[in-house]
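Asker: the following comprises the amino acid sequence and a computationally predicted model.
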Amino acid sequence: MDLTAEGYDLAIRLGTLPDSRLVARKLEEAPLCLVAAPSYLRQHGEPHALAALENHRCLPFIMPSSGRIARWSLCEEGKPVEWTPKGQIQVSDDILGVISLAVSGAGICQTYDFIARPFMENGLLTEILRQTRGRTRPFSLLYAPHKSLSSACEAFIRFMQQATG
């Protein structure tokens, strides 16, 4: 997407950014976690090893840009692992739909800590396989360097840097 051509002042992007003429301010390296509803875990048991996920209902997210299943970024024995979830229920275009399915007890999903935290605090989701933690994905704030930013945009940039700082 060309921010300036499409009339946007700012964008928040996930992932490694390609070289571009935009200014990128890294907001955070967002930690990932695996979660499931307590009802799912009571009915199907809790997996205690990465290999055990093969015998569970996992909730894959389909990347809208490619139509492919988003791989789960995990760690096993301290080493990065990419694992492709296989599931009969697949969601595309709405990552929060995956969370809703997990909350309803439909299966296990991978999400960001900042998304899962409120659900875990309310007892709606439980983190599983904590030993697979350790992977993160970067979020960055982008804007055109030559564009004169409004005071509202500048305030938003400062707020985001402080909030994620």
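Answerer: Arrived safely. Numbering: from 1, shown residues only.
Asker: could you look up the SS state of the most far-flung residue of the chain relative to its centre?
Answerer: Using CA atoms, centre = their mean, the residue of the chain lying farthest from its centre is Ser148. It sits 31.2 Å away. Judged by DSSP: H, G, I helix; E, B strand; the rest coil, the three-state class of Ser148 is coil.
Asker: again, but for Gly97
Answerer: In terms of secondary structure, Gly97 is helix; the call rests on three-state DSSP.
Asker: next one: phi and psi at Ala70?
Answerer: Dihedral pair for Ala70: phi -70, psi 130, per degrees, to the nearest 10.
Asker: which residues touch Pro138?
Answerer: Neighbouring residues of Pro138 by CB atoms under 8 Å, 6 or more residues apart in numbering: 14-17, 26, 28-30. (C-beta placed from N, C-alpha, C; glycine too.)
Asker: just to be sure, it is in a strand?
Answerer: Yes - checked against three-state DSSP, Pro138 lies within a strand.
Asker: in stretch 76-92, what counts as buried?
Answerer: Within stretch 76-92, the residues that qualify as buried are 83, 85, 87, 91, counting by 16 or more other CB atoms under 10 Å.
Asker: I'd like the distance between Asp9 and Phe156.
Answerer: 9 Å (CB to CB, to the nearest Å).
Asker: same deal with Gly7?
Answerer: Relative to Phe156, Gly7 is positioned 16 Å away (CB to CB).
Asker: which parts of the protein are helices?
Answerer: Ranges of helices in the chain, per DSSP state H, are 38-44, 95-103, 113-121, 151-164.
Asker: quick one: closest of these to Ser73.
Answerer: Counting by CB to CB, Ser73 lies closest to helix 113-121 out of the helices of the chain; the figure is 13.0 Å.
Asker: who are the packing partners of that closest one?
Answerer: With contacts taken as 3 or more CB pairs under 8 Å, 6 or more residues apart in numbering; DSSP states H and E, helix 113-121 sits against strand 23-36, helix 95-103, strand 126-128.
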